[in-house]
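K.L.:
what's the 3D shape of this:
(one chain, ligands or ions: 2)
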Amino acid sequence: MSARLLITNARQIVQITESADIRFLKGIDADRIKILEDNDARLALLISDGIIADLGLFKEVKERNDLSDVEIIDAQKGVILPGLVDAHSHPVFAGDRVHEFAMKLAGATYLEVQAAGGGIHFTTSATRAATENDLYQDFKKIANQMLASGTTTLEAKSGYGLETSTEMKMLKVLERVNREGPLEISGTFCGAHAVPRGTDEHTQTHLIAGEMLDLIRKCKENGELKCVENIDVFCEKGNFNVENTERILLAGAKMGLKGNFHAEELSCLHSAEMGARLQVQAMSHLEEISDDGIKQMAQSGSVAVLLPSTAFLLRLTPPPARKMINEGVIVALGSDFNPNAWCPAMAAIMHMACVTMRLSLAEALSAATINSAHSIGRGATHGSLHKGRVGDLLILKVPKWEHLIYRFAAHNTIISHVVKRGNIVYKNENV
Ligand SMILES: N=CN[C@@H](CCC(=O)O)C(=O)O
Ligand SMILES: [Zn+2]
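P.N.:
Ligands and ions are numbered 1, 2, ... in the order given. Have a look, this model is predicted:
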């Protein structure tokens, strides 16, 4: 643990935004990221008590600051990049669904598997049977893999309990991992991830908007569930319709939870229009969004969280990302890490977003840093490198930042250090 950390000999510092006060990048700005560059690799960045204190040419940083008693990392002519922010994940669950992957490859659709009692229902049975400690141990491993892949902040959902006690068990695991750190978690209550067997959508909506949210409110008030910030619903055929989704989002909003829900993934229900009307913070998936939905999201400022690994493995037509960007929607990226889509690495997600959704390299990086930070209410503090912002960053042993996206599934040969709030939380001597 060091109070002050200095990174020296960097060739690039990828700041992302032009100034510290910018909270997101949209339209053509998402393609114009700010980079400090020095071919002689004389750039430096200083973090003090977890916050960026200064950055620029080492000579100038040295003139402006007392550099005695600092821990030093030599970037060895590499790149400094903001810590990645993963805007969508379901990382607390028991077991896996490798058998369903085979079924889907053989032609079964996501909703067919779910209707036959698999999918979310399969994972729900396993998660209900698991102890809190089992779930904690499993998530801790995943959290460490995410950190080693460069993710320093994560949106993470409950949603494999679908009844009060297991949903609370999952939220407590998120709270514990967030408290322990170093991975920072924006927790999301997703009791409306599916309608569990043995009940119906109406009864489940009532349970979520009543008993479950009451208990979460009490736990937030007494400080037991501080990390829970958002509320989510899987708005989809066979799950929750638009009307019930709105009821649940409004019930959550009453206690301060930000709407951040699954919209228009497999069918166009016009839930994006509803989400825009409520001015929710974010909506995810959006493969089937209508032109009107895009227009209304651009107006409301709700962030579109795109999930390339899911569209890829379910062989869905990717969402109209270019159209969204061109029309001024704020676009973010998430791993959607879950037992259906087992990819913890945002570098791979950015690569897929570029290839399958036609984002430029810079748009993908904006989407996985400042815009994903904004999707969880952290656009003012996370996702860009400026004085006064949190000291979350990666050091890459490459001459240009683009290698992180270009070298597919090779991030572990590039990332040498991950720093969270000024502490080195991952170090790879082999790169
Ligand atoms: N679509 C709903 N939720 C997740 C999948 C969860 C699961 O299949 O376990 C998603 O975002 O892809
Ligand atoms: Zn999801």
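K.L.:
which SS state does the residue of the stretch 151-300 of the chain found nearest ligand 1 fall under?
P.N.:
Closest approach between the stretch 151-300 of the chain and ligand 1, counting by CB to the nearest ligand atom: residue 234, at 4.7 Å. To be clear about C-beta, it is placed using only N, CA and C from the backbone, and glycine gets the same treatment. Put simply, residue 234 is strand when judged by DSSP: H, G, I helix; E, B strand; the rest coil.
K.L.:
please shift the residue numbers so they start at 33 in all later answers.
P.N.:
All right, first residue 33 from here; so that's residue 266.
K.L.:
the nearest residue to it once chain neighbours are set aside bridge partners, please.
P.N.:
Distances taken as CB to CB, 6 or more residues apart in numbering put residue 294 closest to residue 266, at 4.5 Å, once the chain neighbours are dropped. Note on residue 294: beta-bridge partners residue 266, residue 316, judged by DSSP bridges.
K.L.:
mind listing what residue 398 touches?
P.N.:
48, 57, 62, 63, 65 (CB atoms under 8 Å, 6 or more residues apart in numbering).
K.L.:
what does the pLDDT read for the fourth one?
P.N.:
We note a pLDDT of 98 for residue 63 in this prediction.
K.L.:
quick one: it from ligand 1, how far?
P.N.:
To ligand 1, residue 63 is 27 Å away according to CB to the nearest ligand atom, to the nearest Å.
K.L.:
kindly report the same for the first one.
P.N.:
Computed with CB to the nearest ligand atom, the distance linking residue 48 and ligand 1 is 26 Å.
K.L.:
go on, residue 349?
P.N.:
15 Å.
K.L.:
how about that residue, nearest residue that isn't a chain neighbour?
P.N.:
residue 319 (6.2 Å).
K.L.:
pretty sure that neighbour sits in a strand.
P.N.:
No - if the criterion is three-state DSSP, then residue 319 is coil and not within a strand.
K.L.:
these two touch, right, it and residue 297?
P.N.:
Yes - using CB atoms under 8 Å, residue 319 makes contact with residue 297 at a distance of 5.7 Å.
K.L.:
and the one residue in the chain that gets nearest to ligand 1, how many neighbours?
P.N.:
For the chain and ligand 1, the shortest gap (CB to the nearest ligand atom) falls at residue 372, measuring 3.5 Å. By other CB atoms under 10 Å, 23 other residues sit near residue 372.
K.L.:
how many residues are close by residue 379?
P.N.:
If we define neighbours as other CB under 10 Å, then residue 379 has 27 of them.
K.L.:
run through the residues that contact residue 320.
P.N.:
296, 297, 298, 299, 300.
K.L.:
okay, residue 319 and residue 297: which has more neighbours?
P.N.:
Legend: neighbour count by other CB under 10 Å for residue 319 and residue 297, higher for residue 297 (27 against 20).
K.L.:
need phi/psi at the more buried one.
P.N.:
phi -80, psi -50 (degrees, to the nearest 10).
K.L.:
how about the residues of the stretch 133-282 of the chain near ligand 1?
P.N.:
151, 152, 155, 266 (CB under 6 Å from any ligand atom).
K.L.:
and the third one, what helix or strand is that in?
P.N.:
Counting by DSSP states H and E, the secondary-structure element that holds residue 155 is helix 152-161.
K.L.:
I'd like to know which elements that helix is packed against.
P.N.:
helix 196-212 (3 or more CB pairs under 8 Å, 6 or more residues apart in numbering; DSSP states H and E).
K.L.:
any idea how far the residue of the chain most remote from its centre is from residue 291?
P.N.:
Distance from the C-alpha centroid of the chain, by CA atoms, centre = their mean, peaks at residue 95 (37.4 Å). Taking CB to CB, to the nearest Å as the measure, residue 95 falls 47 Å from residue 291.
K.L.:
again with residue 107
P.N.:
40 Å.
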